[in-house]
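Peer 1: Output the structure for:
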Amino acid sequence: YGRPAFAPDGATLYVPSVDHRLYALDPETGRQRFAYDAGVPVLGSPLVREVDGRDVVVVGAGEALHVIDAETGARLWTASDHGAFAGLPASDGVRVYMGGSHGDAYAYEAGTGQVAWSISTNSRITAYTRFIYGPWYDTVELLPGDLVLVSTVADAFALEAATGQIRWSRSGSYIYAPASVLEDGDLLLIDDFGRTASRVDSETGEERWTVNFGVRAINTGAAIHDNLAWIPGTTGLLVAIDLDTGKIRHQLQLTTTANCYSPPVIVDGTLLVGDQDGVLHGIAVG
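Peer 2: Numbers count the residues shown, from 1 in each chain. Reported below is the predicted structural model:
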């Protein structure tokens, strides 16, 4: 369900599984190095970061956040005060940042798991509405200026990493499509429900441009190449947006028989993206 992740040196691949385990595999042979048992389905995507001089894996499973030694699979700490989290956390090595189904965003001290701060992302009252309007599935992003981006189906929040104070916010459903931090520090945001992409100043939230590209983009996000953002939509429509102007430069219908929820990646000028027919598409983009 979640996305796999590589160790910084590429020597280990970490794969989350609904069989309650996070697997550490040799990426060349598939040989298992360890299997960490979380006790519940591991639906979140793992993050590998250095904390206090060693690599750790951070991943959400059920209603707990697990931090384990990336080399041995030994549990370092868990936190379970946030509800369910099935997204991708972020960490700067000092704190770990994530959302939860209680409707709040959290920062934990990376070495101990102690709560550094938490904020509410919505004003809903019932447990169900706080859940669906919360950041439980978000891909949390580190931004320039010591900010953290946390998103829901209603808003995106740029929070000060040290305190959780809101620097700026923007209305829109940004939880399902991961944001992209561009080379100059600007931010590319994809509003899944609104079917739009926007370039904004990551430190102020000021909008540069917004374009409607006509399809939803659940889970996919953008792959950046030669100043174009390539975004696969759920209907199989691939669009390329000029990052300077916001104009749509290319459109290609990849499939008409299956949905596409696959995050795109560009390798050596070829964009790779999969669909639910089980087809992997390779498109020359430069």
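Peer 1: Going by C-alpha atoms from here, please, whenever you check contacts or count neighbours.
Peer 2: Will do.
Peer 1: How far does the longest strand along the chain sit from its chain's centre?
Peer 2: Counting residues, the longest strand found in the chain (DSSP state E) is strand 54-61. How far strand 54-61 lies from its chain's middle: 15 Å, per CA atoms, centre = their mean, to the nearest Å.
Peer 1: quick one: average pLDDT of that strand?
Peer 2: Strand 54-61 carries an average pLDDT of 97.
Peer 1: Please apply the same query to stretch 271-286.
Peer 2: Here stretch 271-286 scores 95 as its mean pLDDT.
Peer 1: any residues touching that stretch, and which ones?
Peer 2: Taking CA atoms under 8 Å, 6 or more residues apart in numbering as the criterion, the residues outside stretch 271-286 that touch it are 223, 225-226, 232, 236, 254-255, 257-266, 269-270.
Peer 1: hmm, try it at 10 Å
Peer 2: By CA atoms under 10 Å, 6 or more residues apart in numbering, the residues outside stretch 271-286 that reach it are 220, 223-226, 228, 230-232, 234-236, 238, 240, 252, 254-255, 257-270.
Peer 1: Pull out the buried residues from those residues.
Peer 2: Buried subset of the contacts of stretch 271-286 (neighbour count, 16 or more other CA atoms under 10 Å): 220, 223-225, 228, 230-232, 234-236, 238, 240, 254-255, 259-266.
Peer 1: In strands only, show me those.
Peer 2: Among the buried ones among the contacts of stretch 271-286, DSSP E puts 223-225, 228, 230-232, 238, 240, 265-266 in strands.
Peer 1: and stretch 267-275, how far apart are its ends?
Peer 2: With CA to CA, to the nearest Å as the measure, stretch 267-275 spans 18 Å from end to end.
Peer 1: Give me the distance from it to the chain's centre.
Peer 2: Between the centre of stretch 267-275 and the centre of its host chain there is 19 Å, according to CA atoms, centre = their mean.
Peer 1: that older thread, nearest to Leu65, of the ones in strands among the buried ones among the contacts of stretch 271-286?
Peer 2: Val265 (27.3 Å; CA to CA).
Peer 1: Show the residue spans covered by the helices in the stretch 1-150 of the chain.
Peer 2: For the stretch 1-150 of the chain, the helices defined by DSSP state H, counting those that start in this stretch cover 127-132.
Peer 1: Sketch out the low-pLDDT regions of it for me.
Peer 2: Along the stretch 1-150 of the chain, no part satisfies pLDDT under 70.
Peer 1: how about the strands of it, start to end?
Peer 2: Applying DSSP state E, counting those that start in this stretch to the stretch 1-150 of the chain gives strands spanning 5-6, 13-16, 21-25, 32-37, 47-51, 54-61, 64-69, 75-79, 90-91, 95-99, 104-109, 115-120, 141-143, 147-151.
Peer 1: Turn those strands into TSV, including mean neighbour count and distance to Ser169.
Peer 2: Putting the strands of the stretch 1-150 of the chain into TSV (neighbours: other CA atoms under 10 Å; distance: least, CA to CA, whole Å) gives the following:
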stretch	mean neighbour count	distance to Ser169
strand 5-6	18	29
strand 13-16	23	31
strand 21-25	23	34
strand 32-37	16	37
strand 47-51	20	25
strand 54-61	24	25
strand 64-69	22	26
strand 75-79	16	27
strand 90-91	24	18
strand 95-99	28	16
strand 104-109	21	14
strand 115-120	16	13
strand 141-143	20	13
strand 147-151	27	9
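Peer 1: just so I know, which of these lies nearest Tyr128?
Peer 2: strand 104-109 (13.1 Å).
Peer 1: Determine the set of other helices and strands touching the closest one.
Peer 2: strand 90-91, strand 95-99, strand 115-120, strand 147-151 (3 or more CA pairs under 10 Å, 6 or more residues apart in numbering; DSSP states H and E).
Peer 1: coming back round to it: for Ala161, which of the strands of the stretch 1-150 of the chain is the nearest?
Peer 2: strand 147-151 (5.1 Å).
Peer 1: and the angle from the helix or strand that that closest one is followed by to strand 104-109?
Peer 2: Sequence-wise, the next helix or strand downstream of strand 147-151 (DSSP states H and E) is strand 155-160. Per axes from the mean of the first three to the mean of the last three CA atoms, to 10 degrees, the angle that strand 155-160 makes with strand 104-109 is 30 degrees.
Peer 1: Which helix or strand lies directly C-terminal to strand 155-160?
Peer 2: Downstream of strand 155-160, the next assigned helix or strand under DSSP H and E is strand 166-171.
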